[in-house]
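Trainee: Let me see the structure of the following:
(one chain, ligands or ions: 2)
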Amino acid sequence: MTDKQQRIAFIGGGNMASAIIGGLLRQGMASTDIEIVEPFEEARARLAKEFGIRAVAAPGTELANTGLVVWAVKPQTFKEAAAQAKPHAAQALHLSVAAGIRSDSIAAWLGTERIVRSMPNTPALVGKGMTALFARDGAGADDKARVERVIATTGEFLWVQAEAQLDAVTALSGSGPAYVFYFLEAMTQAGVELGLTAEQARRLAVGTFAGASELARASTDPLELLRERVTSKGGTTYAALTSMEQDQVKAHFVKALHAASRRAEELGDEFGR
Ligand SMILES: NC(=O)C1=CN([C@@H]2O[C@H](COP(=O)(O)OP(=O)(O)OC[C@H]3O[C@@H](n4cnc5c(N)ncnc54)[C@H](OP(=O)(O)O)[C@@H]3O)[C@@H](O)[C@H]2O)C=CC1
Ligand SMILES: O=C(O)[C@@H]1CCC=N1
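Mentor: Ligands and ions are numbered 1, 2, ... in the order given. Model prediction:
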């Protein structure tokens, strides 16, 4: 790979860009091979401090020297950012992490078909990300392999064949870490109400999520069976799950993910025009 192809530019240097940049640097990529366009001065200062990368406020000729451009701006600002960067990034492969914004819109804004869309999540920060990828027809096998090498530095990935599936992915694993933190907050609160210290409760809650997730990952048994193995007849888990069923916690949770998926679709409609 030439020097130019090796280089990566990030448009937007916020949470998700930082998570991916962290992965790339951990895997040995030189910080000098990464360009960041980030208009927010405080964010530029943070990027310099955290990664030793001097971000620029607006796109310029440096983009012409990168083989891959990663779009890590909010869906609401993608179109405007694309208009600013387009004159400088015609030759590159483009990877979007934006929720909802469809590749038809990106192709129209950037005037290229070499586009891969992704939906990563913030555990990428610690190398435990879960990302789904979708390639537009104009992205070739080399392009897909290039994206895989980048995303693999942040954790696991899978490809989806239908672009619309990315909205479901966004609702499930893109937003998913927030649901986990929400449950962790609830478990920690309950632990404190039941007499534990906040520190003890947090440690027990986080350890339980991590352990149960590892158990599920290591097992081929249905999730239902794993749950049943914890649920002793007439015991404590049964009491808790019965209470949750009475309150329709699972049904409400499923409904919430439908709301997230609908919102992803709306973002594409509203901000993809
Ligand atoms: N956070 C998450 O967990 C996930 C986010 N995503 C997606 O990632 C994308 C980024 O999200 P996130 O990192 O959380 O958002 P952030 O707000 O943290 O980062 C976006 C950054 O882009 C900057 N920006 C705004 N306009 C431009 C521009 N014209 N050119 C370059 N940069 C610009 C923003 O600056 P300013 O603040 O000044 O506007 C901001 O610093 C979104 O599209 C989101 O859907 C996907 C998966 C998970
Ligand atoms: O909340 C959002 O819209 C973004 C996309 C997935 C996670 N965060």
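
Trainee: pLDDT averaged over stretch 139-156 - what is it?
Mentor: In this model, stretch 139-156 carries a mean pLDDT of 96.

Trainee: quick check, it touching ligand 1?
Mentor: No: shown here: stretch 139-156 not in contact with ligand 1 (Cβ under 6 Å from any ligand atom), separated by at least 11.1 Å. All C-beta spots, glycine's among them, are computed from the backbone N, C-alpha and C.

Trainee: buried residues in that stretch?
Mentor: With burial defined by 16 or more other Cβ atoms under 10 Å, the residues of stretch 139-156 counted as buried are 139, 143, 146, 147, 150, 151, 153, 154, 155.

Trainee: Now do the contacts for the residue in the stretch 151-273 of the chain that ligand 1 sits nearest to.
Mentor: Nearest residue of the stretch 151-273 of the chain to ligand 1: residue 174, at 4.3 Å (Cβ to the nearest ligand atom). The contact partners of residue 174, taken as Cβ atoms under 8 Å, 6 or more residues apart in numbering, are 99, 119, 120, 121.

Trainee: how close does it sit to residue 149?
Mentor: Distance, residue 174 to residue 149, by Cβ to Cβ, to the nearest Å: 21 Å.

Trainee: Equivalent analysis for residue 16, please.
Mentor: Residue 16 is 18 Å from residue 149, by Cβ to Cβ.

Trainee: burial of the residue in the stretch 1-150 of the chain positioned nearest to ligand 1, as a residue count?
Mentor: When scored by Cβ to the nearest ligand atom, the stretch 1-150 of the chain has residue 14 as its residue closest to ligand 1, at 1.9 Å. A count of nearby residues for residue 14, using other Cβ atoms under 10 Å, gives 16.

Trainee: My guess is it contacts residue 77. True?
Mentor: No: with contacts counted by Cβ atoms under 8 Å, residue 14 stays clear of residue 77, the gap being 10.6 Å.

Trainee: Find residues that contact each of the two.
Mentor: Counting by Cβ under 8 Å, 6+ apart, nothing touches both residue 14 and residue 77.

Trainee: All the helices of the stretch 101-250 of the chain, residue numbers only.
Mentor: 103-110, 141-152, 165-169, 176-193, 198-218, 223-230, 236-246, 249-271 (DSSP state H, counting those that start in this stretch).

Trainee: how many degrees apart are the fourth one and helix 249-271 in direction?
Mentor: Relative orientation of helix 176-193 versus helix 249-271 (axes from the mean of the first three to the mean of the last three Cα atoms, to 10 degrees): 140 degrees.

Trainee: Okay, now the unreliable bits of this protein?
Mentor: Along the chain, segments meeting pLDDT under 70 span 1-3.

Trainee: how about the residues of it that lie near ligand 2?
Mentor: Residues of the chain lying near ligand 2 (Cβ under 6 Å from any ligand atom): 99, 170, 174, 175.

Trainee: end-to-end on stretch 96-113?
Mentor: 13 Å (Cα to Cα, to the nearest Å).

Trainee: right, is that stretch up against ligand 1?
Mentor: Yes: under the criterion of Cβ under 6 Å from any ligand atom, ligand 1 is reached by stretch 96-113 at 97, 98, 99.

Trainee: on that earlier part again, with respect to residue 33, which of the contacts of residue 174 is nearest?
Mentor: residue 120 (19.9 Å; Cβ to Cβ).

Trainee: Could you pull up the residues touching the residue nearest to the closest one when sequence neighbours are not counted?
Mentor: Among residues not flanking residue 120 along the chain, residue 131 sits closest, at 4.2 Å (Cβ to Cβ, 6 or more residues apart in numbering). By Cβ under 8 Å, 6+ apart, the contact list for residue 131 reads 118, 119, 120, 121, 124, 151, 154, 155, 156, 157, 158, 173.
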